[in-house]
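> kindly generate the corresponding structure for this input.
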Amino acid sequence: MKLYKYRPLASCKNVERVEELIDGKLYFSTFDRMNDPMEGILRAHPDKIEEIYNEKRKIGIFSFSKSNAIELMRAHYANGFKWCVIEFDTEDMKTDIKKYDMDYRKWGDLLESTTDVYEILSRKKYDRSYEQEYRLFTNLDPNEKGKEIWKHIHWLKVTAVYFWNPFGWSYNRRDIFSSNDNLKKYDRYKRIVLGYCEEINNECERNSNCKGKINCYNMVRNPEDNNITFKLIE
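Have a look, this model is predicted:
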């Protein structure tokens, strides 16, 4: 199964985070620091609320998407047109990692009572279903519950990185870029990530134990029919 992570690419910090993801280093957050105010909500008996809350705080969450071409995801999570999408191959996904497809529900069903904290953290309002989210869960240190952690997932393999190609169809693309500092910055950060992927690919040619080469693509939209295609960056 291929899973995807949308990331902004508009600063040096963004570049560092993308490189960490390419290396398999994932950032697991607690539910109360996610961007959905309805995260982890449910209806429960008052005697159970604190217990369930404490259990939820012991779980770290990392979110993927099951598609690399969701326009709203690029707008919400990847800084509009200054973005990249990282493709992960999960064929060797370990069974000791808890993983869940998100269960998108109507409001009343979202509040359904349960004591299974993984079920609670795997459901969202139906209006977020465009995200096509898929989650990994890890246990946080019980002595430091509520604190996010970085975790190196060795079995995750990055197989591709997708970039936007702003105004790639425009005959005056060069003029547009020359007068737009944000586009010039994006192009510079994009080249840094491309160079990082090239280093990994060169290492793969020397070392047969590498996880595999990373293909890089430009995402191109045809202005006539609005169709999206991916063009390999040579």
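
> next, count neighbours for Tyr6.
Tyr6: 23 surrounding residues under other C-beta atoms under 10 Å. (Each C-beta comes from the backbone N, C-alpha and C, glycine too.)

> also the one 5 residues further on?
When neighbours are defined as other C-beta under 10 Å, Ser11 has 13 of them.

> also Ala69?
Neighbour count of Ala69, defined by other C-beta under 10 Å: 13.

> cool, the one 4 residues further on as well?
Other residues near Met73 number 21, with proximity taken as other C-beta under 10 Å.

> can you name the next helix or strand after the longest helix seen in the chain?
When the chain is scanned for its longest helix (criterion: DSSP state H), the result is helix 181-206. Proceeding C-terminally, helix 181-206 gives way to strand 215-221 as the next helix or strand, assigned by DSSP states H and E.

> show me what whichever helix or strand comes after that next one is packed against.
Sequence-wise, the next helix or strand beyond strand 215-221 is strand 228-232, with elements assigned using DSSP H and E. Taking 3 or more C-beta pairs under 8 Å, 6 or more residues apart in numbering; DSSP states H and E as the contact definition, the neighbouring helices and strands of strand 228-232 are strand 215-221.

> next, the buried residues of the longest helix of the chain.
Residues of helix 181-206 classed as buried under the neighbour-count rule (16 or more other C-beta atoms under 10 Å) are Leu183, Tyr186, Asp187, Tyr189, Lys190, Val193, Leu194, Tyr196, Cys197, Ile200.

> OK, contacts around the first one?
If a contact means C-beta atoms under 8 Å, 6 or more residues apart in numbering, then Leu183 has Lys82, Pro166, Ile176, Phe177 as its contacts.
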